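J.: Pasting the sequence and the predicted coordinates here, then a few questions.
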Amino acid sequence: MFVRTVRWLAPVVAATVATAGVTVAQSWGGSAPAGSGRVTPRNVIFINGDGMAAAHREAARLFYAGLDGRLVMDSLPVSGQLTTSPRDPETPITDSAAGASAWATGQRTYNGAISVDVNGNPLPTLGTQAKAAGKATGLVTTAQVTDASPAAFFSNSVDRAAQDDIARQYLEVSKPDVILGGGEDWWLPAGSPGAYPDQPAADPTEGSRGTQGDLIARARADGYQYVSTAAQLATVRRGKLLGLFANEELFQQRPEGQGDVYDPPVSLATMTRTALSTLSTERRGFFLLVEEEGVDEFAHNNNGRRTLQAMGELEKAVSVAREYAARHRDTLVVVTGDHETGGLAVEDTATTDESGDGVSAEDGPFPVAGSPLSFNIDWTTGSHTGQDVPVTAYGPLADRFTGKHPNTYVHQVLAPVLTRRSS
Ligand SMILES: [Zn+2]
C-alpha cells in the first residue's frame, strides 16, 4: 500500500524518509488511518498553463533548465496525459471555455460555454461547491479574472464573452475570497476608466465596458479590499481581496516586434503567494486556481520569445505552489493545460523552414541553457490543436493522475475533495 504513497513524495523527501512508508504517511498530518496509503487533501492548488502542452514544456525546459535539467512543473512526481476534445457540433478542437468547464463540472460541452451543458443549462462548479463546502476559494490569472478558465470554476454562462455578468456572479453567487488578475474593463461601466485609463496607447481598443454598474464599489461594500498596484498588493491585510492590475490581460499579445509586451505590474508568482497567505487561514482548507494566460495568447501570435517568457513566469508560480505544498502536506498541486496552442514544435536550427513565413515562420534560435546548442520553435497554426496535454501532480491523491484520461477526469478526482463539507 505504501508504494503508491512513497512514489509521489520520492523526489522531494526521499533522502529523509527513505526508510519507511509509514514515516511518510504520518508526516502528512495523520488524518488518514495508518496503512490506508491514501489521504484526502485539505487544500487544492490547480494550475492551468493555458495553451500549454508537452512541446511548450520541453521548449521551456531546454531554455531554462538545459539538457540535463528539469523544470519544477516536470519534477512533480506523478504525471499523466489528458485529452481535451469538447462536445461541440462544429469542431473536435476545444477552446478554453469548454476545456475549463470539463474540469469544473465533469461534463464536456460546446466551445464558448462557461459551465453550462450542451443545452445551456447551468451546472454545479467546483469553485462554487468548494465554497459551499466551507473552503476558502481563490483565483489568480494573468488574463482577465473573468476570462474563460477562471469563469468556468466560479460562474455559469452560455457565452464566455459576458464577462461583466461573470464578474457580477463572483460577487453575488460564488464569492471567491481572492480574485487577482486583469480585466478591470468588465468591472466598471463605460465612462468610468478606473485605475487603468481607457484607450491606452498600448491598446486603444481597451476601455471600461461593463453593464452591471460599478462592481468594484460593490465588491468594497461586500468587504473586499480592492487593490490595483503592486505596492498596494504588498500591504494587504488578510481577508477578502480583489486585485485588478490591467484593463484586460496583464500583457499585450502580438507577434514579435509588433507591440508585444509581457511586463505585468504584478507577477503570477507574487499573486499566487499573496493568495496562499490569505486562503491558508481557513482551517477547512482552500481551493486555488492559478492560470498563466500568456502561453496561449503568445502561441496564438506564434511569438516564441514571449511564449517562453510566459512559461518562465508560470514555472515561478508552480515553484511557489510546490514550496507551499512541501510545507503543508495536506495540499494537492496539479499542473496541466486546457489544450495545445500553436502546434508548437521544438526543432533543430539547421533545418529549413517548412511551415510558412511571416508570423508563422520559425522563431529562434533560442539557447539551450548551459550548452552551446540552440533550438528553434516552429508553428503549425495560430489556433488550438487537438494534442493531449501533460498533467503533473504532487501531494495526496496525486497518484490518481497517472495514465491517460479525458479532461473531465480532473473533476472526477477533485470533486470528492472539494464538494464534501469538511469540519
Ligand atoms: Zn487560445
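T.: It's in.
J.: outside of stretch 250-269, which residues touch it?
T.: Stretch 250-269 is touched from outside by 140-143, 180-182, 202-203, 229-230, 233, 243, 245-246, 290, 292-294, 297-298, 300-306, 309-310, 313-314, 316-317, 319-320, 359, 363, with contacts defined as C-beta atoms under 8 Å, 6 or more residues apart in numbering. C-beta: built from backbone N, CA, C; applies to glycine.
J.: got the buried residues for it?
T.: Taking 16 or more other C-beta atoms under 10 Å as the neighbour-count basis, stretch 250-269 is seen to contain the buried residues 250-255, 260, 262, 264-269.
J.: Repeat that for stretch 281-290.
T.: The neighbour-count criterion (16+ other C-beta under 10 Å) identifies Gly285, Phe286, Phe287, Leu288, Leu289, Val290 as the buried residues of stretch 281-290.
J.: how about these in JSON lines, adding secondary structure, pLDDT and distance to Arg61?
T.: Shown next, in JSON lines, are the buried residues of stretch 281-290 (DSSP: H, G, I helix; E, B strand; the rest coil; pLDDT from 0 to 100; distance: C-beta to C-beta, whole Å):
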{"residue": "Gly285", "secondary structure": "coil", "pLDDT": "97", "distance to Arg61": "32"}
{"residue": "Phe286", "secondary structure": "strand", "pLDDT": "98", "distance to Arg61": "30"}
{"residue": "Phe287", "secondary structure": "strand", "pLDDT": "98", "distance to Arg61": "28"}
{"residue": "Leu288", "secondary structure": "strand", "pLDDT": "98", "distance to Arg61": "25"}
{"residue": "Leu289", "secondary structure": "strand", "pLDDT": "98", "distance to Arg61": "24"}
{"residue": "Val290", "secondary structure": "strand", "pLDDT": "98", "distance to Arg61": "20"}
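J.: picking that back up, farthest-apart pair in the buried residues of stretch 250-269, please.
T.: The widest separation within the buried residues of stretch 250-269, taken as C-beta to C-beta, falls between Pro255 and Ala269 and amounts to 26.3 Å.
J.: residue contacts, Thr128?
T.: Residues in contact with Thr128 (C-beta under 8 Å, 6+ apart) are Phe153, Phe154, Val173, Ser174.
J.: Sitting in strands, which of the buried residues of stretch 250-269 do you find?
T.: Helix and strand membership here follows DSSP state E; of the buried residues of stretch 250-269, not one is in strands.
J.: ok, so of those residues, who is nearest His384?
T.: Comparing these against His384 with C-beta to C-beta places Gln253 closest, at 14.5 Å.
J.: Now do the closest one against Ser155, distance only.
T.: In this view, Gln253 and Ser155 are 23 Å apart by C-beta to C-beta, to the nearest Å.
J.: Let me know the pLDDT of the nearest residue to Thr349 once chain neighbours are set aside.
T.: Here the nearest residue to Thr349 in space, its sequence neighbours aside, is Pro365; by C-beta to C-beta, 6 or more residues apart in numbering that works out to 4.5 Å. Reading off the per-residue confidence, Pro365 sits at a pLDDT of 96.
J.: Let me know the distance separating Asn43 from Trp103.
T.: In this structure, Asn43 lies at 17 Å from Trp103, with C-beta to C-beta as the measure.
J.: For Phe366, give me its contacts.
T.: Residues counted as contacts of Phe366 (C-beta under 8 Å, 6+ apart) are Ala59, Leu62, Phe63, Gly304, Arg305, Leu308, Ser374, Phe375, Asn376, Ile377.
J.: again, 7 Å this time
T.: Under the criterion of C-beta atoms under 7 Å, 6 or more residues apart in numbering, the contact partners of Phe366 comprise Phe63, Gly304, Leu308, Ser374, Phe375, Ile377.
J.: of those, buried ones?
T.: Buried positions within the contacts of Phe366, assessed by neighbour count (16+ other C-beta under 10 Å), are Phe63, Gly304, Leu308, Phe375, Ile377.
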